Each structure stands twice: as C-alpha cells, then as structure tokens.
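Undergrad: here is a sequence together with a model predicted from it:
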Amino acid sequence: MPLKLTIANQRGGVAKTTTACAMARCLADTGKKVLLVDADAQGSVAAILGLRPELHLYDFLIGKLRLSECITRAHERIDVICSNRQTTEAEAIIQAQTLREMVFANLFSPYDHLYDAILIDVAPSITLFQTCAMMYTRRVLIPVGMEPLSFQGATASINATETLTRLFRTGVQCLALLPVMVNRRLALTETITGMLEILAAEKNIPLLPAIRTDATVAKAMKSKKFLADYDPKSKALEDYTEATRQVLALIEAADAAAFQ
Ligand SMILES: Nc1ncnc2c1ncn2[C@@H]1O[C@H](COP(=O)(O)OP(=O)(O)OP(=O)(O)O)[C@@H](O)[C@H]1O
Ligand SMILES: [Mg+2]
C-alpha cells in the first residue's frame, strides 16, 4: 500500500500547495514514485510547477479516462493529475451521485500499486473533493501558518476528520500538524506556536518541526521550479526534508502498530 496523504487546511494561502509540491519532491528524492493530485479548481500545482497539462482531474473522474492518460509528468518520479476550472464542474456532477464521498477511493485505488506515495492537495474550503480526498487517503496533514485564521482553519480541518470518522465509522486520521511560514522574530509566531502545542496535546496529534519563512519559496514558484531545483540549499527545503522524514516515520510507526 502506498503512503497516502491529503494536505488540508480550510484557510486559504497557508502553504498547502507549497507543502504538497515540496513533500512530493522530498519523497521522490528518497526514491519513491509519487502521484500528486491537485483537487483544487485553482489549478495551482500546474501553475507553481510550470506544467502544461493536456488532460485534467475532470477527464479522469468524469471522462473516465485511464489514470496514465491524465497524468502530467513533473519529475522522473512524480506524476501529477492537474486541476483546472472543470474540477468545479466535476464536483457538481459527482455531488448528485450516490456514494459520492467514495469517488476518489473507488477511482484511484485500482492504481495504488503503481505508486509509493499519493499526495492530494485540496481547496481551502469544505468541498466535496476534500471529503473524497480524506476518505481515500484516510490520513491528513495540516499545514498551519502563524496567524489566527490559519489556526482556525486547522481546527476546522481536524473537525472535518472527526465528523467523517463518526459518519462513516471509519478512521480518518489527522497525521500531524505542520507549522509553516514560521518567523521567530514575529510576536504572533510565539502565540500561535503555543496554541498549536496545546491543540496537539489535546487532540493527541503530533506536531512536526516548523517550516521557516523563506523568500526562496516565492522565487522558486516564480521560476516554476521545485525548491530542490531552484535552490537545493534553501532553508525551506531543509525544513521540508526533515518534515517529510518525520511524516514517513509517523506512518511507519502507525502501520507497525496496526499490524500488532
Ligand atoms: N515557507 C515559506 N516562506 C515564505 N513564503 C511561503 C512559504 N510557504 C509558502 N509561501 C508563500 O505563501 C503563499 C501561499 O502558498 P500556497 O499557494 O502554497 O498556499 P495554499 O494554502 O495552497 O493556498 P490556497 O488556499 O489558495 O490553495 C505563496 O505565495 C507562497 O510563495
Ligand atoms: Mg493551494
């Protein structure tokens, strides 16, 4: 079974897509074959990585094309299913279907064996596709920026995992909280970090080491490159590499515990 993870926070602009792309690359750099799914109609993954997809998530979900036909390659070990405006249309069509929450699980699972890791980047709101992604991956990573609305968005995402677990009597687990865009010189950083420590302890969710604020992230985006290609020595990449290592360790520990 591949490692499967939804990157979610109901607040916009909290580095969900940045995290999804950076982690996809960190995983690929450890030799893993990665599928990165953009389930957000903004289509940011293609924009950030400078991809020119011919087919999109819509064609996979609604056109019922094979996954291999809908993939855009971003790296020798990273396949991307890109989004565009049609993702909203796909969501509206699927909304009317029975068992709609299971659509990703049903359509992506047959391809699980082709990948070591599957990451899904979702829109910053409670959408059907966020639910579909969570029901498929069963694990959610929540990036949290150092401001109150981002913290609120994180608690909303944790609530979403708890609601799904209750409704479907199946575990949707919040794998970890990831502090992002952390600048220790800003007063709010200390406040939000403290709030996150309390939330993590209360909910028993691991808190990953922080991703520092780093101007290289925006520059890499502008150049439409992975951080690892734009500046392999950047602070943000160093932090994402460590966060990815810890995500892998958490998943290995959880899988080992489930086996016992
Ligand atoms: N570590 C970082 N340091 C500095 N800037 C960052 C960092 N991480 C992300 N950013 C910047 O934050 C902005 C938002 O990032 P991103 O698009 O990844 O957020 P998002 O949560 O996916 O947004 P949306 O909710 O719109 O999908 C971008 O301009 C990005 O360059
Ligand atoms: Mg995004």
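TA: Good, I have the coordinates. Ligands and ions are numbered 1, 2, ... in the order given.

Undergrad: leaving out sequence neighbours, find the closest residue to the one residue in the stretch 51-200 of the chain that gets nearest to ligand 1.
TA: Closest contact between the stretch 51-200 of the chain and ligand 1, by CB to the nearest ligand atom, is at Pro124 (3.3 Å). From N, CA and C alone the C-beta is placed, and that goes for glycine too. Excluding the flanking residues, the one nearest Pro124 by CB to CB, 6 or more residues apart in numbering is Gly12, at 3.7 Å.

Undergrad: the one you found reaches Pro143, doesn't it?
TA: No. The pair formed by Gly12 and Pro143 falls short of the contact definition of CB atoms under 8 Å, at 11.8 Å.

Undergrad: related to what we said a few turns ago, the residue nearest to Pro124 should be in a strand, yeah?
TA: No. Using DSSP: H, G, I helix; E, B strand; the rest coil, the assignment for Gly12 is coil, not a strand.

Undergrad: who has more neighbours out of Gly12 and Pro143?
TA: Neighbours around Gly12 and Pro143, counted as other CB atoms under 10 Å, are more numerous at Pro143. The numbers are 29 against 14.

Undergrad: let's verify the more buried one: helix, strand, or coil?
TA: strand.

Undergrad: let me see the contact set for it.
TA: Remark: with contacts taken as CB atoms under 8 Å, 6 or more residues apart in numbering, Pro143 is in contact with Ile7, Asn9, Val14, Ala15, Lys16, Thr19, Leu178, Pro179, Val180, Ile211.

Undergrad: number of residues surrounding the first one?
TA: Read that as Ile7. The criterion is other CB under 10 Å. On that basis, Ile7 has 28 neighbouring residues.

Undergrad: would you map the strands across the stretch 101-250 of the chain?
TA: Taking DSSP state E, counting those that start in this stretch as the test, the strands found in the stretch 101-250 of the chain are 117-121, 139-144, 173-179.
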